[in-house]
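Peer 1: just the structure for this:
(2 chains)
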Amino acid sequence: MSDLHRRTLTELAAGLRQRAFSSVELTDELLGRIEASQGALNAFITVTRDTALEAARTADRALEGGGGGPLAGIPIAHKDIFCTAGVRTTCGSRMLDNFVSPYDATVVRRLRNAGAVMLGKTNMDEFAMGSSSETSHYGAVRNPWNRQLVPGGSSGGSAAAVAARLVPGATATDTGGSIRQPAALCGITGIKPTYGRVSRYGMIAFASSLDQGGVLAATAADAALMLREMAGFDANDSTSVDTPVPDYVAALEEPLAGLRIGLLKEFFDKGLDAGYERCVREALKVYESLGARLSEVSLPHLPLSVPVYYVVAPAEASSNLARYDGVRFGHRCENPRDLSDMYRRTRGEGFGAEVKRRIMTGTYVLSAGYYDAYYLKAQRVRALINEDFIRAFREVDVLMGPTTPTPAFAIGAKTADPITMYLNDIYTIGANLAGLPGISVPCGFVQQLPVGLQIVGPHFSEARVLNAAHAFQRATDWHTRVPEGYA
Amino acid sequence: MYDFALVFSLPQHARRLTFMALTREQVASIADLARLELAPAEVVALQESLSKILDFVGALDACDTANVAPMAHPLVALSQRLRPDVVTEEDRHEQYQVNAPLTTAALYLVPKVIE
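Peer 2: I've put the predicted structure just below:
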């Protein structure tokens, strides 16, 4: 049996280039792993076996001739929030169960142009609203470290697929922690870039002032390789920023000595699991031994980031999801009596409970008489949180702390009370509100479950954040651990 | 008043609900604005969870935001870019309408609006 799945994306790219193995060989092995794991993990919504093998053959021909892009022949998966022409895009919702996009998301197009081979579309919380990947219309995703537990969310399918070595890398999106939190819970690396760094064109909108696409992979070096191809200006996205993309891969090996690390005081609080905290503190000692300087930093408004988020994100979601009306695409109810009945029943049937809850929250906070008290108020506090970050980055280069308060929790444990679920993103939401890049890297285990260290940097500091994560991974081996049964 | 400093450490059920719980009629009226058909059981469930959420976000009231401008875009220094006013899209209605629930003669069909 082949063991190509054990290699990192970086190693696979080198092996393909040297023709040590073919993309068809690699793609075939991983498709087999995806199909074998589907019953246990439910990481995929759609597997594209035939088109994947065809793309692999094309990549092999290019590689044979000494050509092919930087990711030529590398199998990847896309979160099912990215539109793929000709392959259905569901966003984990009954509403889009039959939706086949007429165009590709910019991220999909760029990765294909770089030579990547898409193996399929990964499972996720419905419309990316969730922290556990339990709200999908296609059933819950399971954590490869323990199938009774959630993989985190909303990018849980992409995270489980990378953790179980079904793909070496996958795309994901992060609105309040949906890349970093599942990366932490699945023991892998996940980067959310600066707002505007990766095009949102063709990425189904949830909360437009927060949504950002990024990468889940085994290592920071792998994430750098994928992000380098995904990032960059796109005229089709009015929030895309026209700033040159540095060579993230070349910056990986730059020395770390002298790096000023700020420990987020507000993150080391009573809500943080004691064993989790020990792992994070150990990781910080590793950084000290590498020549970094540690100091404590306080962001006094940060504890308000969850309440701010649960006004701003539902408000934007209720506006974005108004487009699902049963007229031009997606689900439509049977035998509508009139237009109003069609809208109501289409939306009542097409959306799941959590999506309805967010639409209702958003509609309430935007409604006449409440707009100032909730929405404008939240945007003002958001400005204060942003100023806290700006002040902190005058003193330090990066901020570090835990990615989540606890390791992975049981399926069903937090579905009864939405606030309990929402508080899972307590350490990740701040970076979204301020539009900052953040990464989660594996830094230990508690109760046999992975722990994540989060690194947040100033706007457009992806190269530095990846460099800091890479330096840690050169000094430790947490990122090489693979769950039992998937090694 | 809700003590936001405790958000990190206290489980939700340990806190007192200070927000006036939403009535069934209020939930129904929000659903009406959102064009969402809700089953009676969903209305009851949303009464409880929306009240909890609104209580939770009420923590923002305690924060002094006098003279703070609302932040609508995460990159404050950058303003939204406008594109040149030129036609960039070609007519692709046939491809788009493959996804439509009901069309005729290249038109989207909906239930009758005017008698």
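
Peer 1: CA only for contacts and neighbour counts going forward, please
Peer 2: Will do.

Peer 1: helices of the stretch 351-487 of chain A, start to end?
Peer 2: Here the stretch 351-487 of chain A has its helices, by DSSP state H, counting those that start in this stretch, at A:353-366, A:371, A:377-395, A:418-422, A:429-434, A:462-475.

Peer 1: and the last one, what does it pack onto?
Peer 2: Put plainly, it is helix A:462-475. Here helix A:462-475 touches helix A:220-230, helix A:274-289, strand A:438-446, strand A:449-456, going by 3 or more C-alpha pairs under 8 Å, 6 or more residues apart in numbering or on different chains; DSSP states H and E.

Peer 1: likewise for the first one?
Peer 2: Using 3+ C-alpha pairs under 8 Å, 6+ apart, the elements in contact with helix A:353-366 are helix A:305-320, helix B:24-33, helix B:40-57.

Peer 1: most packed of the ones you listed?
Peer 2: Of these, the one with the most neighbours on average (mean count of other C-alpha atoms under 10 Å in any protein chain shown) is helix A:305-320, at a mean of 24.

Peer 1: which outside residues touch that one?
Peer 2: Contacts to helix A:305-320, defined as C-alpha atoms under 8 Å, 6 or more residues apart in numbering or on different chains, come from residues A:176, A:205-210, A:358-363, A:365-366, A:374-375, A:378-379, A:381-382, A:385, A:422-423, A:425-426, A:429-430, A:433, B:34, B:53, B:56-60.

Peer 1: out of the residues you listed, which end up buried?
Peer 2: Among the contacts of helix A:305-320, those scoring as buried are A:176, A:205-210, A:358-363, A:365-366, A:374-375, A:378-379, A:381-382, A:385, A:422-423, A:425-426, A:429-430, A:433, B:34, B:53, B:56-60 (criterion: 16 or more other C-alpha atoms under 10 Å in any protein chain shown).

Peer 1: quick one: end-to-end length of stretch A:323-336, please.
Peer 2: 18 Å (C-alpha to C-alpha, to the nearest Å).

Peer 1: before we move on, what about stretch A:294-304?
Peer 2: Terminal residues of stretch A:294-304 lie 25 Å apart, using C-alpha to C-alpha.

Peer 1: alpha carbons only: can I get stretch A:354-372 in PDB?
Peer 2: Taking C-alpha atoms only, stretch A:354-372 is exported to PDB below (Å, rounded to 0.1, in the frame of the first residue of the first chain):
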ATOM      1  CA  GLU A 354     -29.200  28.100  13.600                       C
ATOM      2  CA  VAL A 355     -29.400  30.000  10.300                       C
ATOM      3  CA  LYS A 356     -33.000  31.000  11.300                       C
ATOM      4  CA  ARG A 357     -31.800  32.100  14.700                       C
ATOM      5  CA  ARG A 358     -29.100  34.400  13.200                       C
ATOM      6  CA  ILE A 359     -31.500  35.900  10.600                       C
ATOM      7  CA  MET A 360     -34.000  36.600  13.400                       C
ATOM      8  CA  THR A 361     -31.300  38.200  15.600                       C
ATOM      9  CA  GLY A 362     -30.000  40.300  12.700                       C
ATOM     10  CA  THR A 363     -33.500  41.400  11.700                       C
ATOM     11  CA  TYR A 364     -34.200  42.400  15.200                       C
ATOM     12  CA  VAL A 365     -31.100  44.500  15.800                       C
ATOM     13  CA  LEU A 366     -31.500  46.200  12.400                       C
ATOM     14  CA  SER A 367     -35.200  47.000  12.900                       C
ATOM     15  CA  ALA A 368     -36.600  50.400  13.400                       C
ATOM     16  CA  GLY A 369     -36.100  51.700  16.900                       C
ATOM     17  CA  TYR A 370     -33.300  49.200  17.700                       C
ATOM     18  CA  TYR A 371     -30.700  50.000  15.100                       C
ATOM     19  CA  ASP A 372     -28.900  52.700  17.200                       C
END
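
Peer 1: what does it contact?
Peer 2: With C-alpha under 8 Å, 6+ apart as the contact definition, stretch A:354-372 has outside contacts at A:126-127, A:129-130, A:135, A:311-319, A:321, A:348, A:374-375, B:30-31, B:33-34, B:36, B:46, B:50, B:53.

Peer 1: how about a cut-off of 7 Å?
Peer 2: Residues outside stretch A:354-372 that contact it (C-alpha atoms under 7 Å, 6 or more residues apart in numbering or on different chains) are A:129, A:135, A:311, A:314-315, A:317-318, A:374-375, B:30-31, B:34, B:46, B:50.

Peer 1: if we can go back for a sec, right, and the helices of the stretch 351-487 of chain A - which one's nearest residue A:234?
Peer 2: Among the helices of the stretch 351-487 of chain A, helix A:462-475 comes nearest to residue A:234, with 18.1 Å by C-alpha to C-alpha.
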